[in-house]
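Chemist: Below are the sequence and a predicted model for it; my questions follow.
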Amino acid sequence: DGKYGKAMEIVKELEEKCGTPIGKLRQVADAMTVEMHAGLASEGGSKLKMLISYVDNLPTGNEEGLFYALDLGGTNFRVLRVQLKHGGIANQEFEEVSIPPNLMTGTSDALFDYIVAELAKFVAQESEDFQVAPGKQRELGFTFSFPVMQSSINSGTLLRWTKGFSIEDTVGQDVVAELTKALKRQGLDMVVTALVNDTVGTLAGGRYFNKDVVAAVILGTGTNAAYVERAQAIPKWHGVLPKSGEMVINMEWGNFRSSHLPLTEYDHALDVESLNPGEQIFEKIISGMYLGEIVRRVLLRMAEEAAFFGEIVPEKLKVPFILRTPHMSAMHHDTSSDLKVVAKNFTDILEIPNTSLKMRKVVVEICNIVATRGARLAAAGILGILKKLGRDAVRDGENQKTVIALDGGLYEHYIEYSKCLENTLDELLGDEVAKSIVMEHANDGSGVGAALLAASHSQYL
Ligand code: ADP
Ligand code: MG
């Protein structure tokens, strides 16, 4: 009928506006490469901050001892301890704790006190397998997945929060100093020897196990990437050139934007109503915090303008962020012939119990459109990095493997998304080049990577 037709028009329009034909993806990749150059040329030269990580040596495998890591991402934080023996990880334990939402918009002290209290519990539960050498301080790598302007390997000021965090008094502060003060307040004797972005941690963790890893991409609550750059190719770096000749760059690619990005009215509204309007535009169309919310906004419009769920607009559908990306992915992956999972999510989360199979099919289609756009754009971003590294083409006589370490809950659990990402990168590279580029899941590499970097920057070396 007419109402269904109007609803289908909305879906069709969404599909058109979210289109990512290969030519557009190439434009996005080229724009990414251009912005990378600009961000490396001068501070503030681009939306891409291209932050210097002060990591100029990646793990070698010779790291030894007991090290800790604390990984503060978006949704959860993890504490871990890693016992490193020459050439490998002898022992490893971790704990994951969710961050109470009120702490995400409270005070700096409250957030850091909470984190340190959890860390202190973790340290208190230590078994005999994990003992620090007598007279030595425990050393910690701090994975902090927000934009930080580092001034050394273990200091750096927070530029701004992202991913739903908004704690004004932390912005402009040295996050290691904030953590250290909290450690003091709670009498926990630990020293932060490395401050790393999660992408840098993942790169370090990935390299420890595979020498061909040159870049890392996170697709979790937010999204970001890091890669190994030639120090000579960083005009804005005025310090002494590192002996290795290399420097890991934290791109902060979540803040990438380009006129080539396919944006819709839903994206604009989501952005305007977000805690950080105008920022993190790439992140807002490809990462886990936002995909489900985009789908909700499409469904809401269909309810309002096409009475898709009946004459009354369902109340729950009006609640921002009620439909999370894990719900979306569960619905997208629904293989039952009557789409039971979609029906259940609609009943349980949106309190819409009376969906028809025809409606549920439309819902899956919307999930597919939104996830496909995100995954294909993420692939274009990776192509941008490969171009910058000169690894997007086969060069005569070279047979070098290029490995990209990927991690994050979205990549790990949203299989349709990760499959689409991999297929799109292959499509962009072509068969011959695709053979030399490998995407590897670096499971929880960022925590281990931070511990490894804490080890290689130990105060006792
Ligand atoms: P963070 O990015 O917060 O450090 P993770 O890497 O664990 O943490 O990613 C968590 C995010 O991954 C969640 O916010 C969610 O968006 C996404 N995610 C988790 N599970 C799923 C799932 N089953 N399907 C799709 N996305 C998921
Ligand atoms: Mg994380």
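Modeler: Ah, there it is. Ligands and ions are numbered 1, 2, ... in the order given.
Chemist: Residues in a beta bridge with the closest residue in space to residue 148 that isn't next to it in sequence, which ones?
Modeler: Nearest residue to residue 148, sequence neighbours excluded (CB to CB, 6 or more residues apart in numbering): residue 156, at 4.1 Å. In short, each C-beta sits where N, CA and C put it, glycine included. Residue 156 has these beta-bridge partners by DSSP bridges: residue 150.
Chemist: ok now do residue 156, which residues does it touch?
Modeler: Applying CB atoms under 8 Å, 6 or more residues apart in numbering to residue 156 gives the contacts 148, 149, 150, 174, 175, 176, 195.
Chemist: Most neighbours among those, which one?
Modeler: The most crowded member of the contacts of residue 156, judged by other CB atoms under 10 Å, is residue 195 (29 neighbours).
Chemist: Could you double-check that that one lies in contact with residue 150?
Modeler: Yes. Contact criterion CB atoms under 8 Å: residue 195 and residue 150 qualify, at 6.6 Å.
Chemist: Can you pull the residues of the stretch 101-250 of the chain lying near ligand 2?
Modeler: 198, 220 (CB under 5 Å from the ion).
Chemist: Now do the helices in the stretch 101-250 of the chain.
Modeler: If DSSP state H, counting those that start in this stretch is used as the criterion, the helices of the stretch 101-250 of the chain fall at 108-124, 175-185, 198-209.
Chemist: Quick check: which of the ones you listed is buried the most?
Modeler: helix 198-209 (a mean of 29; mean count of other CB atoms under 10 Å).
Chemist: Farthest pair within the contacts of residue 156?
Modeler: Checked with CB to CB, the contacts of residue 156 reach their widest spread between 149 and 176, with 12.4 Å between them.
Chemist: Enumerate the residues of the stretch 251-400 of the chain near ligand 1.
Modeler: By the rule CB under 6 Å from any ligand atom, the part of the stretch 251-400 of the chain lying against ligand 1 is 288, 289, 325, 326, 329.
Chemist: Where strands are concerned, which of the residues you listed count?
Modeler: When those are checked against strands using DSSP state E, none is located there.
Chemist: If we only consider the residues you listed, which is nearest to ligand 2?
Modeler: Set against ligand 2, the nearest of those by CB to the ion is residue 288 (10.3 Å).
Chemist: how close does the closest one sit to residue 408?
Modeler: As judged by CB to CB, to the nearest Å, residue 288 and residue 408 stand 7 Å apart.
Chemist: overlap in contacts of these two?
Modeler: Each of 219, 220, 221 lies in contact with both residue 288 and residue 408 under the rule CB under 8 Å, 6+ apart.
Chemist: want to throw those into TSV with pLDDT?
Modeler: Rendered in TSV, the data for those read as follows (pLDDT from 0 to 100):
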residue	pLDDT
219	98
220	96
221	95
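Chemist: Tell me the one of those residues nearest ligand 1?
Modeler: The closest of the shared contacts of residue 288 and residue 408 to ligand 1 turns out to be residue 220 (CB to the nearest ligand atom; 2.4 Å).
Chemist: how many neighbours does that closest one have?
Modeler: The local packing of residue 220 (other CB under 10 Å) involves 25 other residues.
Chemist: which residues sit in contact with it?
Modeler: So residue 220 contacts 73, 74, 75, 198, 287, 288, 407, 408, 409, 410, 411 (CB under 8 Å, 6+ apart).
Chemist: Find the residue closest to it in space, skipping its chain neighbours.
Modeler: residue 408 (3.1 Å).
Chemist: For the residue in the stretch 301-450 of the chain that ligand 1 sits nearest to, which non-adjacent residue is closest in space?
Modeler: Here the stretch 301-450 of the chain gets closest to ligand 1 at one residue, residue 409, 2.4 Å apart by CB to the nearest ligand atom. The spatial neighbour of residue 409 that comes closest, neighbours along the chain excluded (CB to CB, 6+ apart), is residue 220 at 4.8 Å.
Chemist: Where does pLDDT dip in the stretch 151-300 of the chain?
Modeler: Counting by pLDDT under 70, the stretch 151-300 of the chain shows no low-confidence range.
Chemist: can you give me the strands for it?
Modeler: Here the stretch 151-300 of the chain has its strands, by DSSP state E, counting those that start in this stretch, at 155-158, 190-196, 213-219, 223-230, 246-250.
Chemist: Point out the other helices and strands that the last one packs with.
Modeler: Using 3 or more CB pairs under 8 Å, 6 or more residues apart in numbering; DSSP states H and E as the contact test, the elements touching strand 246-250 are strand 51-52, helix 198-209, strand 223-230.
Chemist: Right, I'll call it a day here.
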